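[1] Show me how the following folds:
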Amino acid sequence: MKRTDVDEILRDALREDVSGAQPYLDELEDRIIVELGERRPRLRTTDWIRQLVAPTRSTRFGQLIVVGATAAAFLIVGLFASRFFEQQSELPTGGGIRLETAQEARSGLQEVLFVVPAPLAASTVVVVGDFNDWEATPLTDEDGDGIWTTTIPLSPGRYEYGYLIDGRWWGEDPRADEYIQSFGEYSSVRYVGRGGEGV
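    Predicted structure coming up:
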């Protein structure tokens, strides 16, 4: 038997096998096409980055929608936040509460709150400053919780002050706008009115 005869026999056998299996192969091809059409290819990390950097039209449209929705959300939140903070700035705050009466508003005076925590055993707490010629203005602790308070009507300006707790100097008020040091001791500074937050 010659080589060409063997080749011819093999070709015939393969043709018979292929033609007998042709209906199965046709069905297999259809099933593969349907199955592949339902699946989406998994994207690798590099593919995601490539889509972000050079997106297709549909991806670009989706990105524009996301960016626009995010900008709108931030705008709405910003508007509500600005209104909230405007309302809060009009309300009394702890760092120098503004409790103006009509008469004080006409005279330019503003009630400024001074607050100092003191040991529960403290018997006297006073505030002294250039607004009272460094004379003692007493603070009170009506509920006995160690928080001493008083309000003093002040006109707009800069004021230096400190506290005396049972005769001992305490010049670093955490509510102060700044501190200054003179003669080895710190004093607190509060700005009232347009100059600071003491209102």
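[2] for the protein, what helix or strand is lowest in average pLDDT?
    helix 102-107 (a mean of 52; mean pLDDT, DSSP states H and E).
[3] number of nearby residues for residue 127?
    As a burial measure, residue 127 scores 24 neighbours (other Cβ atoms under 10 Å). The way it works is simple: take the backbone N, C-alpha and C, and place the C-beta from them, glycine included.
[4] show me the contacts for it.
    114, 116, 136, 137, 139, 150, 152, 161, 162, 163, 164 (Cβ atoms under 8 Å, 6 or more residues apart in numbering).
[5] Paired strands for the helix or strand encompassing it, with orientation please.
    Per DSSP states H and E: residue 127 is located in strand 125-129. Next to strand 125-129 in the sheet, as set by DSSP bridges, lie strand 137-138 (antiparallel), strand 157-165 (antiparallel).
[6] Looking at the ones you listed, which one is packed in the most?
    Across these, averaging neighbours per residue (mean count of other Cβ atoms under 10 Å) puts strand 157-165 on top, at a mean of 19.
[7] What's the mean pLDDT across it?
    On average, the pLDDT along strand 157-165 is 92.
[8] Mind giving me the packing neighbours of the helix or strand following that strand?
    Sequence-wise, the next helix or strand downstream of strand 157-165 (DSSP H and E) is strand 168-170. Strand 168-170 is packed against strand 157-165, with contacts defined by 3 or more Cβ pairs under 8 Å, 6 or more residues apart in numbering; DSSP states H and E.
[9] Just the CA atoms of the strand it packs on, as CSV, please.
    Below are the C-alpha coordinates for strand 157-165, written out as CSV (Å, rounded to 0.1, in the frame of the first residue of the first chain):
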residue,chain,number,x,y,z
GLY,A,157,-13.8,96.1,70.3
ARG,A,158,-10.8,94.2,71.6
TYR,A,159,-10.7,93.2,75.3
GLU,A,160,-8.0,91.6,77.5
TYR,A,161,-9.1,89.7,80.5
GLY,A,162,-8.5,86.8,82.9
TYR,A,163,-10.1,85.0,85.8
LEU,A,164,-9.3,84.8,89.5
ILE,A,165,-10.4,81.5,91.0
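[10] picking that back up, any idea which of the strands paired with strand 125-129 gets closest to residue 80?
    Across the strands paired with strand 125-129, residue 80 has its closest neighbour in strand 157-165 (35.1 Å, Cβ to Cβ).
[11] Excluding covalently adjacent residues, which one is nearest to residue 134?
    Counting by Cβ to Cβ, 6 or more residues apart in numbering, residue 128 is the residue found nearest to residue 134 once chain neighbours are left out, at 4.8 Å.
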